[in-house]
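Q: Just need the structure, nothing else, for what follows:
(2 chains)
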Amino acid sequence: MTDTVENTIFLSILFICVIIDFLRAVKTKKREWMLLFLFHFLYFISSIYYEMYILFFESDPVISHIMDIGWYASYLFLTLLLQNNRDPEMDGHKYKSLILIPIFVFSMAAGFMWYSQGDVFNNILCAVLMWILLRYTVKGALFNKEKYGKNYPAKWLYRSSFIFCYLEYQTWVFSCLFFEDSWTNPYYISDMLMALSFLLFIPSVSVLLKNIDNKNVPAQNDHRSEERSEA
Amino acid sequence: MNYIENIYICLAAPMIVAIFCLDSYRRRIILFLLGGMTMCLLSSYINTFIAYVYGLNMLLASVEISPTVEEVMKVLPVIFYLLVFEPPKNRMIGNAITVAIGFATFENVCYLLGNDTSNIQHLLIRGFGTGTMHVCTGLLVTFGMQMVWDKLWLRLAGTCGLLVTAIVYHAIFNILVSQEGIPAYIGYFIPIVTVILVLSFKKFIKKQRNIIK
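A: Reported below is the predicted structural model:
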């Protein structure tokens, strides 16, 4: 019962995000909203597929690749959203702390493979995509903070992305450890928080675009707007 | 049991003859139609093989394997054309739709030969539903290819992402239509609603195509 209610709330929140993103993408015609829409939409339809499969066939999928690649593709679109607002100067900067990201993601992947006897290819693919996403998030945040100070334009976007990644890992860990069907189960609490983290992206992108409009933007965005006006 | 390769030969023969008699524009349309049908035939072999390997029945194979195989196979002729002939971008959408039509037509012919064809209402809904779904997914992926991203790897990532969107969309459609009653009707109407939405926002998509540069 708890599972059904939790899934319904989770999907409803995602659906609201999809609608808001779509309407804003249509209204503003901005690439950022389009990418955020694709991120939310893919996560939403992959979750819908999984829930429908359980509802109609009363078991987990035999081969889980469809919803997995759907979720992974949503990470890809989030990465593209971060990449879209990347500063070109960022490439020349190296941060030693970034080495912790592959260590963390591949250790977690090894842990999941060992604990739940999960598919090797699936876990490695997920780890690679999470590595890229976390690398863009952390490096972008560190570089922008260094260049623009504490109130850099994409601050909330990087924070939202980091919170999402953290909650995604937390939910995976809890799903391996806690199984009871009640609201005190940390897995459900973590999943609810993750659903709320999807909402956080909407004001984050709004703030980012507002900063871009106010010309408080990284160099790449200036370059891009020049290209747009040429086109 | 259907011998789909025999059906394929029967349907493809007049098209192959026509290819030699037509001008380049019409020849290209027939070739893409044939390409779509060929991909459908190959998808069927691959689906059967993977289902056998995993020990899945026809129903589970249709919701777990065929969406991925069919969508990937359907996009191959378009990718081949794009990479080898480097056509102008305005030709892409039309070619992708032609491949999708060829694919859906061959799939429908095989379905009709293996199932009861007396209920015209059901066949109408199935024909429009499946046909529209293949056109929708084909359009989605081609739209991704058309987005002129500034770097090749970005274009690849965007196209892969949209290919996955098409796969999941196809899988949801297959799950719904594999049921009976209301879920099946909802499934058949999803692609039609999608096309109506796409046509409503056509102007926006055109604008978006110009923006994403």
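Q: Going by C-alpha atoms from here, please, whenever you check contacts or count neighbours.
A: Will do.
Q: what's the neighbour count on residue 93?
A: The chain I'm using is chain A. 9 (other Cα atoms under 10 Å in any protein chain shown).
Q: um, chain B though
A: Residues near residue B:93, counting by other Cα under 10 Å: 18.
Q: and the closest residue to chain B within chain A, what element?
A: Minimum separation of chain A from chain B (Cα to the nearest Cα) falls at residue A:73, amounting to 5.1 Å. Under the criterion of DSSP states H and E, residue A:73 resides in helix A:65-84.
Q: Which helix or strand lies directly C-terminal to that helix?
A: As assigned by DSSP H and E, the chain's next helix or strand after helix A:65-84 is helix A:100-116.
Q: that older thread, which strands and helices lie in contact with the helix holding residue A:73?
A: helix A:31-57, helix A:120-148, helix A:155-177, helix B:152-177 (3 or more Cα pairs under 8 Å, 6 or more residues apart in numbering or on different chains; DSSP states H and E).
Q: Mind putting the ones you listed into TSV with mean neighbour count, mean pLDDT and distance to residue A:202?
A: Putting these into TSV (neighbours: other Cα atoms under 10 Å in any protein chain shown; pLDDT from 0 to 100; distance: least, Cα to Cα, whole Å) gives the following:
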stretch	mean neighbour count	mean pLDDT	distance to residue A:202
helix A:31-57	21	91	8
helix A:120-148	18	90	17
helix A:155-177	18	91	9
helix B:152-177	22	87	21
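Q: What are the contacting residues of stretch A:61-68?
A: A:46-47, A:49-50, A:53-54, A:122, B:64, B:68, B:167-168, B:171 (Cα atoms under 8 Å, 6 or more residues apart in numbering or on different chains).
Q: Next, the buried residues of it.
A: A:61, A:66-68 (16 or more other Cα atoms under 10 Å in any protein chain shown).
Q: got it, and stretch B:94-104?
A: Judged by neighbour count (16+ other Cα under 10 Å), stretch B:94-104 contains these buried residues: B:95-104.
Q: Among those residues, which ones lie close to chain A?
A: With Cα under 8 Å from any Cα of the partner chain as the criterion, the buried residues of stretch B:94-104 include none near chain A.
Q: Show the contacting residues for the residue of chain A closest to chain B.
A: A:39, A:42, B:160-161, B:164-165.
Q: Would you format the helices and strands packed on helix A:65-84 as CSV with distance to residue B:22 included?
A: Output for the helices and strands packed on helix A:65-84, formatted as CSV (distance: least, Cα to Cα, whole Å):
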stretch, distance to residue B:22
helix A:31-57, 41
helix A:120-148, 47
helix A:155-177, 55
helix B:152-177, 33
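Q: any chance of the buried residues of stretch B:94-104 in TSV, with pLDDT and secondary structure too?
A: Output for the buried residues of stretch B:94-104, formatted as TSV (pLDDT from 0 to 100; DSSP: H, G, I helix; E, B strand; the rest coil):
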residue	pLDDT	secondary structure
B:95	86	helix
B:96	88	helix
B:97	89	helix
B:98	91	helix
B:99	92	helix
B:100	92	helix
B:101	92	helix
B:102	93	helix
B:103	93	helix
B:104	92	helix
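Q: And the residues you listed, which is closest to residue A:92?
A: residue B:96 (40.5 Å; Cα to Cα).
Q: Okay, that closest one and chain A: tell me how far apart.
A: Distance of residue B:96 to chain A, given as Cα to the nearest Cα, to the nearest Å: 21 Å.
Q: Out of the helices and strands packed on helix A:65-84, which gets nearest to residue B:143?
A: Of all those, helix B:152-177 sits nearest to residue B:143, with 8.3 Å by Cα to Cα.
Q: and the next element down the chain from that closest one?
A: Remark: after helix B:152-177, the chain's next helix or strand is helix B:182-200, criterion DSSP H and E.
Q: Can that next one be said to contact chain A?
A: No - Helix B:182-200 lies apart from chain A when judged by Cα under 8 Å from any Cα; the minimum separation is 9.9 Å.
Q: Tell me, how many residues neighbour residue B:65?
A: Using other Cα under 10 Å: residue B:65 sits among 24 other residues.
Q: list the contacts for it?
A: B:47, B:50-51.
Q: rewinding a little: can you check which of the helices and strands packed on helix A:65-84 gets nearest to residue B:139?
A: It is, among the helices and strands packed on helix A:65-84 and with distance given as Cα to Cα, helix B:152-177, at 9.2 Å.
Q: quick one on the thing from earlier: how about JSON lines for the contacts of residue A:73, with distance to residue A:148 added?
A: Output for those, formatted as JSON lines (distance: Cα to Cα, whole Å):
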{"residue": "A:39", "distance to residue A:148": "27"}
{"residue": "A:42", "distance to residue A:148": "33"}
{"residue": "B:160", "distance to residue A:148": "34"}
{"residue": "B:161", "distance to residue A:148": "32"}
{"residue": "B:164", "distance to residue A:148": "37"}
{"residue": "B:165", "distance to residue A:148": "36"}
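Q: Rebuild the contacts of stretch A:61-68 as JSON lines, extending it with distance to residue A:9.
A: What follows is these, written out as JSON lines (distance: Cα to Cα, whole Å):
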{"residue": "A:46", "distance to residue A:9": "16"}
{"residue": "A:47", "distance to residue A:9": "12"}
{"residue": "A:49", "distance to residue A:9": "16"}
{"residue": "A:50", "distance to residue A:9": "15"}
{"residue": "A:53", "distance to residue A:9": "18"}
{"residue": "A:54", "distance to residue A:9": "17"}
{"residue": "A:122", "distance to residue A:9": "27"}
{"residue": "B:64", "distance to residue A:9": "26"}
{"residue": "B:68", "distance to residue A:9": "29"}
{"residue": "B:167", "distance to residue A:9": "25"}
{"residue": "B:168", "distance to residue A:9": "21"}
{"residue": "B:171", "distance to residue A:9": "23"}
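Q: Going by proximity to chain A, name the top residue of chain B.
A: Counting by Cα to the nearest Cα, chain B gets nearest chain A through residue B:161, at 5.1 Å.
Q: Need the nearest residue in space to that residue, chain neighbours excluded.
A: Sequence neighbours aside, residue A:73 is the residue nearest to residue B:161 in space, at 5.1 Å (criterion: Cα to Cα, 6 or more residues apart in numbering or on different chains).
Q: ok, now residue B:184?
A: residue B:177 (4.1 Å).
Q: likewise residue A:98?
A: residue A:135 (6.8 Å).
Q: Quickly note the distance from that neighbour to residue B:46.
A: Using Cα to Cα, to the nearest Å, residue A:135 is found at 37 Å from residue B:46.
Q: repeat for residue B:108
A: Taking Cα to Cα, one finds residue B:108 at 18 Å from residue B:46.
Q: ok, now residue B:28?
A: Taken as Cα to Cα, the span from residue B:28 to residue B:46 is 26 Å.
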